[in-house]
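1. Coordinates for the following, if possible.
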Amino acid sequence: MASRAPTPPYPSAARIADSPCYPQYAASLKCLEEFSLDKSKCQEHFDVYKECKKKEREARLERNKNRSLFS
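-> Numbering: from 1, shown residues only. Predicted coordinates:
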């Protein structure tokens, strides 16, 4: 029987590749590679990724808003 990889104990411990923002993350890294780590040329990619992460966090907080630790 094949063993499965352990499930992360918390959603925040999940792999970056599982994030809905992974394409923006990958685009940021690709930009850095293309421009020899010149961050100034990749600022737009960073901003898009940051906005995606902000929306992802807001959605997670909204989902968890009505949860209780004792229910």
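
2. which helix of this structure spans the most residues?
-> Longest helix in the chain, counting residues (DSSP state H): helix 43-64.

3. which parts of that one are buried?
-> By neighbour count with 16 or more other C-beta atoms under 10 Å, helix 43-64 contains the buried residues 45, 48, 49, 52. Bear in mind the C-beta positions are built from the backbone N, C-alpha and C, glycine included.

4. Packing partners of it?
-> Here helix 43-64 touches helix 22-34, going by 3 or more C-beta pairs under 8 Å, 6 or more residues apart in numbering; DSSP states H and E.

5. can you pull the buried residues of the helix it packs on?
-> 24, 25, 27, 28, 31, 32.

6. Need the contact partners of it.
-> Helix 22-34 has contacts (C-beta atoms under 8 Å, 6 or more residues apart in numbering) with 16, 19, 38, 39, 41, 42, 45, 46, 48, 49, 52.

7. Can you check what angle separates it from helix 43-64?
-> An angle of 160 degrees separates the directions of helix 22-34 and helix 43-64 when computed by axes from the mean of the first three to the mean of the last three C-alpha atoms, to 10 degrees.

8. and helix 22-34, what's its mean pLDDT?
-> Helix 22-34 shows a mean pLDDT of 95 in the predicted model.
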